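*Asks:* next come a sequence and a model predicted from it.
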Amino acid sequence: MRLMVALIIVGLLLLYSTFYFGAIYFDGKVEKNTYEAAINYDKHKKLISDIKLDLSVEKISYNNGIWNITGEIRGKSGFSIKSLQVDSPSKKVEIVQKVELSNNNFNIRLDKVSEGNYVIVAQLFIDNESVRLEKPIYLKNM
């Protein structure tokens with residue numbers, strides 16, 4: 001009897017923790033047509049690998065409440081940058097940012113942003129196809 005009660009309690013704790021962490025980390029994005037989304041994902045991955053695209057972060061600095069992130073989008077020719085921004089998928093907050101693009105180099109300035117996990121998201125055009133390139137970063141004040 002005790003074993004049965006212990007198993008039920010452990011099962012309920014596991015179920016509760018699944019819902020708890022799912023509610024915290026679920027970003028709210030659901031694909032309506034998963035088959036088409038998977039085909040597009042594979043096509044975009046091939047486009048990215050064909051021209052060897054890479055979003056690299058060279059420096060992250062913090063001074064008086066302002067984060068500065070500098071980096072570069074590298075790759076063979078044949079792409080253009082549509083937009084670049086910092087996003088926080090696990091937090092539902094608006095991020096105040098100023099983005100400067102020069103050729104394939106970028107400088108992002110973030111005001112009033114707390115430490116934590118963020119993602120740099122670049123929307124690119126490759127062969128008239130809109131492609132999303134992401135780079136996870138962790139902001140920590142040293």
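*Replies:* The structure has been received and is ready for your questions. Residues are numbered from 1 along each chain as shown.
*Asks:* can you map out the strands along this structure?
*Replies:* Counting by DSSP state E, the chain has these strands, from start to end: 54-63, 66-74, 79-87, 96-102, 105-111, 116-126, 129-139.
*Asks:* could I get those as a markdown table with mean neighbour count and mean pLDDT?
*Replies:* Where C-beta positions appear, they are placed from N, C-alpha and C, glycine not excepted. Formatted as a markdown table, the strands of the chain follow (neighbours: other Cβ atoms under 10 Å; pLDDT from 0 to 100):
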| stretch | mean neighbour count | mean pLDDT |
| --- | --- | --- |
| strand 54-63 | 13 | 90 |
| strand 66-74 | 17 | 90 |
| strand 79-87 | 15 | 87 |
| strand 96-102 | 12 | 86 |
| strand 105-111 | 17 | 90 |
| strand 116-126 | 17 | 88 |
| strand 129-139 | 14 | 88 |
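*Asks:* residue contacts, the most centrally placed residue in the chain?
*Replies:* Residue closest to the average C-alpha location in the chain (Cα atoms, centre = their mean): residue 119, at 3.3 Å. Contact partners of residue 119, counting by Cβ atoms under 8 Å, 6 or more residues apart in numbering, are 86, 87, 88, 89, 134, 135, 136, 137.
*Asks:* likewise residue 67?
*Replies:* When contacts are counted by Cβ under 8 Å, 6+ apart, residue 67 touches 60, 61, 108, 109, 110, 113, 139.
*Asks:* closest one of those residues to residue 30?
*Replies:* Ranked by distance to residue 30 (Cβ to Cβ), those are led by residue 113 at 27.1 Å.
*Asks:* so the closest one sits against residue 140, correct?
*Replies:* No: Residue 113 is beyond contact range of residue 140, at 11.7 Å (criterion: Cβ atoms under 8 Å).
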